[in-house]
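>>> what follows is a protein structure lacking sequence information:
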């Protein structure tokens, strides 16, 4: 972290419900609560990791923050300005400053445009440079992400997944953004390429003083890149802490089970994995009380009835769990439902 | 960060791996033999049609499709002219009837040449109209389809449609009234928009008129369904029977009744494309909607549209031939392939070439368009390009 406490992104009580409609007049019969009241900050120069299993709303959160989808409720402040209130010039400035790198490098590049024109598009639209200056800027970006300027006229299908992801990163950087939302940027790549892309992202962050919102399901990746980590479960934030604290002292049972299932490349390392039973409940009708209680190995009576608030249990460590105090100060590594692997 | 000088050099001279899109598409297209035959036949047809236009028009055309020579009727192909009966000025080119003559002794070759131009223009203009409507309607349904239409806009659409119907049925006064009514609705909408932009709640009665009804997508696609319910050939027959017989009316009517397929194609493509990450990325970069549509969506949706357009040309040529065959087409004495076929059917046993020549021509041209369209689709697919 660069030590500044200035929040570049503030998310406040963000909700995104997708309506389920029926009939010719599209009557709303129900809704999928993809993101249900999440709040967090991203500080300048910081990387915030957002972890969670498939369908927990991490990607939707990223899309809503960038105004790709309209939120159902809540606010997003970028540099103190409400993102959803922006118009005209101010909106264009936001568009320039906040960018995204997508998960799938195969669908994130237009197959009919050359690499050069893909990267140059934003530069042209924001009138940063034109003509040969634009080409030079693109060439510089290509070199910056580890490709060569000679790739300018090539088409996306001529590249491998890792190279395409580099192109996508170059496109995101073409507007000189301050915040980049990385939506599972390495999940579609194999492990050796993952490391390259992660190192590239880390280097670019240092060089260009970027802030990242790093969305992933991969706990090893998120440990490597993040300053702080938030866990999401069924559209809610379950736990939010500094990386060191998150890994050494996880408090939420969901986080603990996630971490216990995370493999380490060490043959001597033996650990008891907590196997969660059951499926993730439907986000259409989330369970009453604590959303995790249907699968929680330690859930008690209160969890079924009362919905827990996200509370600061230690300094900078927010947890949404009724039972945290019960097993404080030592986190319960041993749950009842434990299977040796 | 410095950029490698040599790379910059390559960049400026546009060398590095640059192969133009056209060259690549052509390379793949050449491999497809059937499509090449389609292209060759299409080219020949095009040349024939254009030269036909020049050779058969004017005061003293080289090939006169309307010249009646009653003594020379129903001659077989390659029959030579009877020099005693026919004046030198009335003789066909080269002194032979290349494709024979019909029951009035008119030169079928000249008539086929004249008809080729009709088929070509009908095909292209009708498909041009239908593709244009199809892309616009399908594009709106696919890209802006999820927006709800407000009640006031429904009223406007009804009034405007009524105005068009009244205008078409010749009731000028009612048409003007409806038009004024729709203008009134537009003004009310503008006032409402202005009021709601100011942030204050408008009068309750006004906002009552602006509740959401159905989506744009519902409106357009149900209209497509309605249009598809009509048996299109009979719809065309009816309209052509009402309108004055003219080749332009036929083109327009065929175009206006065949855009539904393209609309569905374009909508389907747009629906899938708008969820693609590269479209999202463009939105995040603040690229304007129109630019996204024209740079990212239409080029990616072009292949099925192009294929359906080439097949549509074939369909339009067939429809025009059908109309002419039934006597509703281009008014005589102008020749089209359809009315040559129609005239020839009475002499199917005495002079079969009168039926076979236009029939086979239609078959070959329609087939060549279909093959060409298929080849085009394959060659425009960037995934088949050389790595």
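The structure has been received and is ready for your questions. These numbers were taken from a predicted model, which means no experiment stands behind them.

>>> who touches the residue nearest to the spatial centre of chain B in this structure?
Geometric centre of chain B, nearest residue: residue B:127, 0.4 Å, by C-alpha atoms, centre = their mean. Applying C-beta atoms under 8 Å, 6 or more residues apart in numbering or on different chains to residue B:127 gives the contacts B:255, B:258, B:309, B:312-313, B:316. (Each C-beta comes from the backbone N, C-alpha and C, glycine too.)

>>> what's the local residue count around the closest residue to chain B within the stretch 1-150 of chain A?
Closest to chain B within the stretch 1-150 of chain A is residue A:95: 3.1 Å, counting by C-beta to the nearest C-beta. For residue A:95, the count of nearby residues is 22 (other C-beta atoms under 10 Å in any protein chain shown).

>>> now the helices for chain A?
A:58-65, A:88-97, A:115-125, A:131-144, A:161-173, A:191-208, A:219-225, A:243-248, A:253-260, A:301-305, A:324-327 (DSSP state H).

>>> related to what we said a few turns ago, closest one to chain A out of the contacts of residue B:127, please.
residue B:309 (18.1 Å).

>>> host element of that closest one?
helix B:298-325 (DSSP states H and E).

>>> ok, back up a step: same list, the helices of chain A, but as CSV with mean pLDDT please.
Shown next, in CSV, are the helices of chain A (pLDDT from 0 to 100):
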stretch, mean pLDDT
helix A:58-65, 90
helix A:88-97, 89
helix A:115-125, 90
helix A:131-144, 89
helix A:161-173, 90
helix A:191-208, 88
helix A:219-225, 86
helix A:243-248, 86
helix A:253-260, 83
helix A:301-305, 83
helix A:324-327, 64
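
>>> ok, which of these comes nearest residue B:161?
The closest of the helices of chain A to residue B:161 is helix A:88-97. By C-beta to C-beta, the value is 35.1 Å.

>>> in that closest one, which residues are buried?
Residues of helix A:88-97 classed as buried by neighbour count (16 or more other C-beta atoms under 10 Å in any protein chain shown): A:91-97.

>>> same thing with stretch B:318-325?
Residues B:318-325 are the ones in stretch B:318-325 that count as buried (16+ other C-beta under 10 Å).

>>> how far off centre is that stretch?
On the basis of C-alpha atoms, centre = their mean, to the nearest Å, stretch B:318-325 sits 15 Å off its chain's mean C-alpha point.

>>> and the gap between the residue of the stretch 1-150 of chain A closest to chain B and residue B:376?
For residue A:95, the distance to residue B:376 (C-beta to C-beta, to the nearest Å) stands at 37 Å.

>>> report the contact partners of residue B:379.
Residues near residue B:379 by C-beta under 8 Å, 6+ apart: B:25-26, B:28-29, B:32, B:35.

>>> now the residues you listed as JSON lines including distance to residue A:229, pLDDT and secondary structure?
Below are the contacts of residue B:379 laid out as JSON lines (distance: C-beta to C-beta, whole Å; pLDDT from 0 to 100; DSSP: H, G, I helix; E, B strand; the rest coil):
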{"residue": "B:25", "distance to residue A:229": "49", "pLDDT": "75", "secondary structure": "helix"}
{"residue": "B:26", "distance to residue A:229": "53", "pLDDT": "82", "secondary structure": "helix"}
{"residue": "B:28", "distance to residue A:229": "49", "pLDDT": "80", "secondary structure": "helix"}
{"residue": "B:29", "distance to residue A:229": "53", "pLDDT": "82", "secondary structure": "helix"}
{"residue": "B:32", "distance to residue A:229": "54", "pLDDT": "84", "secondary structure": "coil"}
{"residue": "B:35", "distance to residue A:229": "56", "pLDDT": "89", "secondary structure": "helix"}
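
>>> wait, which of the residues you listed is closest to chain A?
Chain A has its nearest neighbour among the contacts of residue B:379 in residue B:25, at 11.4 Å by C-beta to the nearest C-beta.

>>> is the closest one in contact with residue B:378, as I believe?
No - taking contacts as C-beta atoms under 8 Å, residue B:25 lies outside contact range of residue B:378: 9.5 Å.

>>> what's the closest non-adjacent residue to residue 36?
I'll assume chain A. Distances taken as C-beta to C-beta, 6 or more residues apart in numbering or on different chains place residue A:235 nearest to residue A:36, at 3.8 Å, with adjacent residues excluded.

>>> oops, I was thinking of chain B
In space, residue B:36 comes closest to residue B:30 once its chain neighbours are excluded; the distance is 6.5 Å by C-beta to C-beta, 6+ apart.

>>> isn't that neighbour up against residue B:37?
No - with contacts counted by C-beta under 8 Å, residue B:30 stays clear of residue B:37, the gap being 11.9 Å.

>>> more neighbours: which of those two?
Applying other C-beta under 10 Å to residue B:30 and residue B:37 shows that residue B:37 carries more neighbours, namely 16 against 13.

>>> and that one, what helix or strand is that in?
helix B:33-56.

>>> other SSEs contacting the very next helix or strand once past that helix?
Helices and strands here follow DSSP H and E; after helix B:33-56, the next one along the chain is strand B:79-80. Other elements packing on strand B:79-80 under the criterion 3 or more C-beta pairs under 8 Å, 6 or more residues apart in numbering or on different chains; DSSP states H and E are strand B:96-97.

>>> so after the strand it packs on, what's the next helix or strand?
helix B:108-143.

>>> ok, the helix or strand that that following helix is followed by: who's next to it in the sheet?
Using DSSP H and E, the helix or strand that follows helix B:108-143 in sequence is strand B:148-150. Using DSSP bridges, the strands paired with strand B:148-150 in its sheet are strand B:212-215 (antiparallel).

>>> show me what counts as buried in the partner strand.
B:213, B:215.

>>> repeat that for stretch B:170-178.
Buried positions in stretch B:170-178, judged by neighbour count with 16+ other C-beta under 10 Å: B:175, B:178.

>>> repeat for stretch B:331-343
B:334-343.

>>> residues near the residue of the stretch 201-341 of chain A found nearest chain B, how many?
Per C-beta to the nearest C-beta, the residue of the stretch 201-341 of chain A with the smallest distance to chain B is residue A:207, at 8.2 Å. Neighbour count for residue A:207, taken as other C-beta under 10 Å: 11.

>>> and the gap between it and residue A:173?
10 Å.

>>> isn't residue A:196 right up against residue A:163?
No - counting by C-beta under 8 Å, residue A:196 stays clear of residue A:163, with 10.2 Å between them.

>>> quick one: mean pLDDT for stretch A:70-77?
For stretch A:70-77, mean pLDDT rounds to 90.

>>> now do stretch A:277-294
83.

>>> same check on stretch B:233-248?
Rounded mean pLDDT across stretch B:233-248 is 83.

>>> which SS class is the residue nearest to residue B:36?
helix (DSSP: H, G, I helix; E, B strand; the rest coil).

>>> tell me how far it lies from residue A:157.
From residue B:30 to residue A:157 the distance is 20 Å (C-beta to C-beta).

>>> who does the residue nearest the centre of chain A bridge with?
Geometric centre of chain A, nearest residue: residue A:215, 1.9 Å, by C-alpha atoms, centre = their mean. With DSSP bridges as the criterion, residue A:215 is bridged to residue A:50, residue A:183.

>>> could you measure from it over to residue A:222?
Taking C-beta to C-beta, one finds residue A:215 at 9 Å from residue A:222.

>>> overlap in contacts of these two?
Common neighbours of residue A:215 and residue A:222 (C-beta under 8 Å, 6+ apart) are residue A:49.

>>> what parts of the stretch 51-200 of chain B come near chain A?
residue B:148 (C-beta under 8 Å from any C-beta of the partner chain).

>>> quick one: low-confidence ranges for the stretch 51-200 of chain B?
B:83, B:88-90, B:92, B:196-200 (pLDDT under 70).

>>> wait, what's in contact with residue 307?
With no chain named, the answer covers chain A. The neighbours of residue A:307, taking C-beta under 8 Å, 6+ apart as the test, are A:288-290.

>>> right idea, wrong chain: chain B
Going by C-beta under 8 Å, 6+ apart, residue B:307 touches B:373-374, B:376-377.

>>> returning to what we had before: can you redo the contacts of residue A:307 as JSON lines with neighbour count?
Below are those laid out as JSON lines (neighbours: other C-beta atoms under 10 Å in any protein chain shown):
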{"residue": "A:288", "neighbour count": "12"}
{"residue": "A:289", "neighbour count": "18"}
{"residue": "A:290", "neighbour count": "26"}
